[in-house]
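Participant: any chance you can model this:
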Amino acid sequence: MRRYDIDGLRVIVFGLLIFYHAGVFFVPGSFHSTYPFMESYDWLQYPMFFLNRWRLPLLFVISGMGTFFSISKRSGGGFAKERIVRLFIPLVAGLLFIAPPQVYLERLFKGQFSGNYFEFWPSQAYIGIWPEGNFSWCHLWFLPYLLLFSLVLIPVFLYLLKYPQAWIIRKTRCLAAKRFGLFVPVIPLLLWERFLQPHFPQTNALWGDWYNVVNYGTLFFYGFMLMTIKDVLWENLIKNRRIYLITGTVAYALLMYLWLGIGSFQKKSDIWNIAISVNVWSWILVMISYAAAYLNKPSRQLSYANEAVYPFYILHQPVLLFLAYYLKNVEVSFFAKFSIMAVGTFGISWIIYEFGVRRFAWIRPLFGMKRKKSKINKPSERT
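Facilitator: The predicted structure is shown next:
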């Protein structure tokens with residue numbers, strides 16, 4: 001059965017990505033590199049921290065859900081081929097044409113390169129590995145992680161599809177039918193937070209990034225598992241959505257209190273890890289359950305946006321960095337600068353997508369799209 005709410009949620013989360021990345025320029029810290037482009041606003045840390053905790057985990061859950069639809073209609077080999085076409089080809093195209101402009105702008109800002117872009121690319125663009133060198137996949141790191149999870153888990157997914165009464169599916173169905181049952185998946189997330197995260201800080205480099213690999217891989221698997229029990233999932237998600245909202249709000253409030261309200265004490269790190277894990281999973285359940293309650297209906301706008309969202313993800317960051325680079329010394333208010341960056345990124349990305357990608361059959365696969373537009377955007381074709 002078609003789930004328009006998953007399509008809608010996917011569009012919303014990728015849309016939030018642009019606002020989030022625009023906001024990162026205005027908080028203490030850095031974006032792609034080790035410098036902030038803009039002035040800092042301490043108050044902006046709190047909404048940014050709120051989004052940061054569950055936005056990417058939710059994307060991996062949604063991707064796992066989409067994987068259920070995709071592999072259900074294919075053989076293992078057919079699914080592997082589809083994943084390579086949808087993920088590996090755009091990754092290679094991105095490494096060649098999307099990531100280098102971002103590194104170029106960074107080198108200009110730092111005074112590490114002078115000259116126009118075609119003096120940088122391709123002669124300098126692939127020398128060494130970022131951050132010391134120039135070769136980087138930048139924001140496209142999501143694609144190799146997703147490709148890895150998809151290919152490695154093919155035997156598991158095929159087994160679960162073949163045996164719908166397998167123990168893990170029956171147990172998941174039983175948990176989903178209970179009011180607090182869907183909080184049990186927090187336990188592995190807590191273990192990864194406690195034992196892996198302190199030793200493997202996020203690098204997005206895939207190899208050696210073991211906390212992210214294990215954590216995001218678990219969330220991807222959760223997404224697939226939720227779809228195996230869809231007969232009981234949606235009713236209970238909608239029924240319990242206020243519980244998830246209350247739990248997420250309390251967990252986030254506790255995180256803020258631990259961050260701002262009290263000093264160090266013996267068990268603070270353990271409480272923090274519990275609060276982080278409960279907060280992440282609760283807000284994932286909040287988003288999925290409220291989407292199920294209010295977004296499960298078709299529209300032409302949703303169909304268009306669902307096809308556009310993957311190319312927008314690929315295109316948005318170099319556009320955003322370009323705008324930020326040329327706005328960094330402009331003396332206007334935060335609201336004006338942020339609005340220009342966010343709205344400008346949407347607008348320019350749409351122009352490139354609509355007139356440079358969507359209408360050309362040979363360009364579409366470079367952005368993860370079918371060569372020819374289908375009459376119906378099937379839910380199995382999600383990233």
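
Participant: hey, where'd the strands end up in the stretch 101-250 of the chain?
Facilitator: Using DSSP state E, counting those that start in this stretch, no strands are found in the stretch 101-250 of the chain.

Participant: what residues sit buried inside stretch 100-114?
Facilitator: The neighbour-count check on stretch 100-114 (16 or more other C-beta atoms under 10 Å) flags 100, 101, 102, 103, 104, 105, 106, 107, 109, 113 as buried. Glycine gets a C-beta too; all of them are placed from N, C-alpha and C.

Participant: just for the stretch 151-300 of the chain, where's the confidence low?
Facilitator: The model of the stretch 151-300 of the chain has no residue with pLDDT under 70.

Participant: what segments of it are helices?
Facilitator: 154-162, 167-176, 186-195, 210-228, 230-239, 241-256, 268-294, 300-327 (DSSP state H, counting those that start in this stretch).

Participant: just want the angle from the second one to helix 210-228.
Facilitator: Between helix 167-176 and helix 210-228, the angle formed by their directions is 80 degrees, by axes from the mean of the first three to the mean of the last three C-alpha atoms, to 10 degrees.

Participant: name the residues that touch helix 167-176?
Facilitator: For helix 167-176, the surrounding residues in contact (C-beta atoms under 8 Å, 6 or more residues apart in numbering) are 160, 163, 181-182, 184, 225-226, 228-229, 231-233, 236-237.

Participant: try 7 Å
Facilitator: Outside of helix 167-176, the residues within contact range by C-beta atoms under 7 Å, 6 or more residues apart in numbering are 160, 181, 182, 184, 225, 228, 229, 232, 233, 236.

Participant: and the third one, how far from residue 235?
Facilitator: In this case it means residue 182. Distance from residue 182 to residue 235, counting by C-beta to C-beta, to the nearest Å: 13 Å.

Participant: and these two? Which one has more around it.
Facilitator: Between residue 182 and residue 235, residue 182 has the larger neighbour count (other C-beta atoms under 10 Å), namely 26 against 13.

Participant: now do the contacts for the more buried one.
Facilitator: Counting by C-beta under 7 Å, 6+ apart, residue 182 has contacts 175, 176, 285.

Participant: now, which of these sits nearest residue 135?
Facilitator: Set against residue 135, the nearest of these by C-beta to C-beta is residue 285 (38.5 Å).

Participant: that closest one - nearest residue in space that isn't next to it in sequence?
Facilitator: residue 244 (4.1 Å; C-beta to C-beta, 6 or more residues apart in numbering).

Participant: against residue 14, how distant is the one you found?
Facilitator: Where residue 14 is concerned, residue 244 sits at a distance of 22 Å (C-beta to C-beta).

Participant: residue 60 now?
Facilitator: 13 Å.

Participant: could you do residue 226 as well?
Facilitator: 20 Å.

Participant: cool, and residue 267?
Facilitator: Relative to residue 14, and taking C-beta to C-beta, residue 267 is found at 38 Å.

Participant: residues contacting residue 276?
Facilitator: For residue 276, counting by C-beta under 7 Å, 6+ apart, the contacting residues are 53, 193, 255.

Participant: try it again with 6 Å
Facilitator: Residue 276 makes contact with residue 193, according to C-beta atoms under 6 Å, 6 or more residues apart in numbering.

Participant: what's the first-to-last distance across stretch 179-186?
Facilitator: Using C-alpha to C-alpha, to the nearest Å, the span of stretch 179-186 from its first residue to its last is 15 Å.

Participant: neighbours around residue 330, how many?
Facilitator: 10.

Participant: tell me the SS of it?
Facilitator: Under the three-state scheme (DSSP: H, G, I helix; E, B strand; the rest coil), residue 330 adopts coil.

Participant: how close does it sit to residue 48?
Facilitator: Counting by C-beta to C-beta, the gap from residue 330 to residue 48 is 22 Å.

Participant: please apply the same query to residue 317.
Facilitator: Look at residue 317 and residue 48: by C-beta to C-beta, they are 16 Å apart.

Participant: also residue 297?
Facilitator: 31 Å.

Participant: those two: which has the busier surroundings?
Facilitator: residue 48 (18 against 9).

Participant: hmm, the more buried one is touching residue 23, no?
Facilitator: Yes: assessed by C-beta atoms under 6 Å, residue 48 is found in contact with residue 23 at 5.4 Å.

Participant: what about the nearest residue to residue 366 once chain neighbours are set aside, neighbour count?
Facilitator: Closest residue in space to residue 366, ignoring its immediate chain neighbours: residue 93 at 4.1 Å, by C-beta to C-beta, 6+ apart. Per other C-beta under 10 Å, the neighbour tally for residue 93 reads 17.

Participant: give me the element residue 93 is part of.
Facilitator: Here residue 93, judged by DSSP states H and E, is contained in helix 89-97.

Participant: now do that helix against helix 300-327, angle only.
Facilitator: Here helix 89-97 runs at an angle of 20 degrees relative to helix 300-327 (the same axes, to 10 degrees).
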